[in-house]
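Chemist: Dropping the sequence and predicted coords here.
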Amino acid sequence: MGGKPIDGQGLATMGFVGHLAELRRRLAYAVVAIIVAMLGAFSFADVLFEILKQPLDAIPDQKMIALGPLEVFVTYLKLSLVAGIFLSAPVLLYQFWAFLSPGLYEHEKRWVLPFVFLGTVFFLSGGLFAFYVVMPLGFEYLTAMVPDAVVPQYSVEIYFNLVILLLLAFGIVFETPLVMWVLAAVGLVSPDAFSRFRKVWIVIAVVMGAVLTPPDPFTQMMMALPLIGFFELGILGARVLYKEKKGAQTPKPLV
């Protein structure tokens, strides 16, 4: 009933050329989806601009400046691209799942809808968390650090580059539990292996917070803490899903 992966070895039997061909095909679909969504979002780039500058507008006496004639236009393109990534998230997640599906059992392939749905929800939730929690508190903290002798003015490019980085970074961070659940569900990583990796993950979370956020401890911890929390959530879900895998007599996990 369940069916076996290709030749009992999953994607390993496809060969290197087969892997590359499938990866190229899935990436092409993903790129097309992003471009289509980006073109649609460009019509609303000015609306996105106004929405995403709200965290800075909430701080008294803060205005952005444009340092070049193309700065706002290029920013519109970047915002459209980010919007395209968020809008096409279901398609991107499906392409990722479709790339993995030849190595899955038949009953595992039916998880595609929960995977796409939860992945989209987590990704959007990460962006919303960055916008409604991290950015308002982070920009307020950073502005408060500026000495009275300095007048803080931010260029359009610098401000929105930071906003885009935070939106994408937190969107990806919020996918952590889902990745762990998939790895456990397909039997590649055991929950005990995740548990042994906990101390290392805490260090990684702190480092990622330092690298992917502005250089202030507040914003860094705003990323590190969700990473740590989601890792624990991932372990809990992995224990449930991995038990199901063991009952199905699946191959021994890699770790």
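Modeler: Received, thanks.

Chemist: Could you check how far residue 47 is from residue 177?
Modeler: 32 Å (Cβ to Cβ, to the nearest Å). Every C-beta, even on glycine, is put in place using the N, C-alpha and C of the backbone.

Chemist: same thing with residue 113?
Modeler: Going from residue 113 to residue 177 by Cβ to Cβ gives 17 Å.

Chemist: before we move on, what about residue 18?
Modeler: According to Cβ to Cβ, residue 18 stands 31 Å off from residue 177.

Chemist: Which one of residue 113 and residue 177 is surrounded by more residues?
Modeler: More neighbours surround residue 177 than the other of residue 113 and residue 177, with 20 against 10 (other Cβ atoms under 10 Å).

Chemist: and that one, what pLDDT?
Modeler: Looking at residue 177, its pLDDT stands at 90.

Chemist: and after the helix or strand hosting residue 17, which helix or strand comes next?
Modeler: Assigned by DSSP states H and E, residue 17 belongs to helix 15-42. Sequence-wise, the next helix or strand downstream of helix 15-42 (DSSP H and E) is helix 45-52.

Chemist: Can you mark which positions in that next one are buried?
Modeler: 45, 48-49, 52 (16 or more other Cβ atoms under 10 Å).

Chemist: any idea where the strands of the chain begin and end?
Modeler: Using DSSP state E, the strands of the chain run over 64-65, 154-155.

Chemist: what about the chain, any weak spots by pLDDT?
Modeler: Residue ranges of the chain with pLDDT under 70: 1-16, 103-104, 212-216, 243-255.

Chemist: State which helix of it is the longest.
Modeler: The residue-count maximum for a helix in the chain (DSSP state H) belongs to helix 217-247.

Chemist: and that one, which residues are buried?
Modeler: Counting neighbours by 16+ other Cβ under 10 Å, helix 217-247 gives 219-224, 226-228, 230-231, 233-235, 237-238, 241-242, 245 as buried.

Chemist: which other helices and strands contact that helix?
Modeler: If you count contacts as 3 or more Cβ pairs under 8 Å, 6 or more residues apart in numbering; DSSP states H and E, helix 217-247 packs onto helix 135-144, helix 156-173, helix 176-185, helix 191-196, helix 198-212.

Chemist: Please identify the most buried of those helices.
Modeler: Stretch with highest mean neighbour count among the helices and strands packed on helix 217-247: helix 176-185 (a mean of 21; mean count of other Cβ atoms under 10 Å).

Chemist: Just want the angle from that one to helix 198-212.
Modeler: Taking axes from the mean of the first three to the mean of the last three Cα atoms, to 10 degrees, one finds that helix 176-185 is oriented at 140 degrees with respect to helix 198-212.
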